[in-house]
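A.B. asks: Sequence first, predicted coordinates after that:
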Amino acid sequence: MFEVLAVQEKEKQKELALKCGQAYHEDLLAYEVLVEGRFCGICQFTMDQEGGRIVEFSWLPEEYAFHPIFTLGRAALNFIDLCGVHKAFFDAPCSDETLIKAIGFSKNAEGRYEIDLTDFFKEPCKHNK
């Protein structure tokens, strides 16, 4: 079983980000994913006038499993959408293009990963890439 949880304390966010080799961004929101109670990955994200942005997204290599990490990305997008922001970008350094696309992003004309969240979570099973 796995859980995606909001990281509530900034010290914990910093610790988890550093565990995954990410830069820590005090001004960002964060979610973590746990598998069988063990920390596996973290996503740091934000929202502004342009839209939502996943800024950092990574996991512990020895704890990687597709579904928990995929769900971590989707959870961040769902939160962004629930906040009334319906456009998001994946700006994090991540070499797994298959995972980025599975989460729902596709490259726009400028080559930036983008997603339109309008009604995305009404029928999420229709959003397989």
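C.D. replies: In hand now; what should we look at? Residues are numbered from 1 along each chain as shown.
A.B. asks: where do the strands sit along the protein?
C.D. replies: Remark: strands assigned in the chain by DSSP state E are 2-6, 29-35, 38-48, 51-59, 87-90, 106-107, 113-116.
A.B. asks: Adding distance to residue 23 and mean pLDDT, write the ones you listed out as JSON lines.
C.D. replies: Quick note: C-beta positions are derived from backbone N, CA and C, even for glycine. Listed next are these as JSON lines, based on distance: least, CB to CB, whole Å; pLDDT from 0 to 100:
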{"stretch": "strand 2-6", "distance to residue 23": "19", "mean pLDDT": "96"}
{"stretch": "strand 29-35", "distance to residue 23": "12", "mean pLDDT": "97"}
{"stretch": "strand 38-48", "distance to residue 23": "8", "mean pLDDT": "96"}
{"stretch": "strand 51-59", "distance to residue 23": "6", "mean pLDDT": "95"}
{"stretch": "strand 87-90", "distance to residue 23": "16", "mean pLDDT": "97"}
{"stretch": "strand 106-107", "distance to residue 23": "24", "mean pLDDT": "95"}
{"stretch": "strand 113-116", "distance to residue 23": "19", "mean pLDDT": "96"}
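A.B. asks: With mean neighbour count and distance to residue 69 added, can I get the ones you listed in a markdown table?
C.D. replies: What follows is those, written out as a markdown table (neighbours: other CB atoms under 10 Å; distance: least, CB to CB, whole Å):
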| stretch | mean neighbour count | distance to residue 69 |
| --- | --- | --- |
| strand 2-6 | 15 | 9 |
| strand 29-35 | 21 | 7 |
| strand 38-48 | 20 | 5 |
| strand 51-59 | 22 | 5 |
| strand 87-90 | 22 | 13 |
| strand 106-107 | 12 | 18 |
| strand 113-116 | 18 | 16 |
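A.B. asks: Centroid-wise, who is the farthest residue in this structure?
C.D. replies: Computed with CA atoms, centre = their mean, the residue of the chain farthest from its C-alpha average is residue 109, at 22.0 Å.
A.B. asks: Distance-wise, check the closest residue to residue 107 other than its chain neighbours relative to residue 51.
C.D. replies: Leaving aside its chain neighbours, residue 107 sits nearest to residue 113 (5.9 Å; criterion: CB to CB, 6 or more residues apart in numbering). Using CB to CB, to the nearest Å, residue 113 is found at 12 Å from residue 51.
A.B. asks: Kind regards, and thank you for your time.
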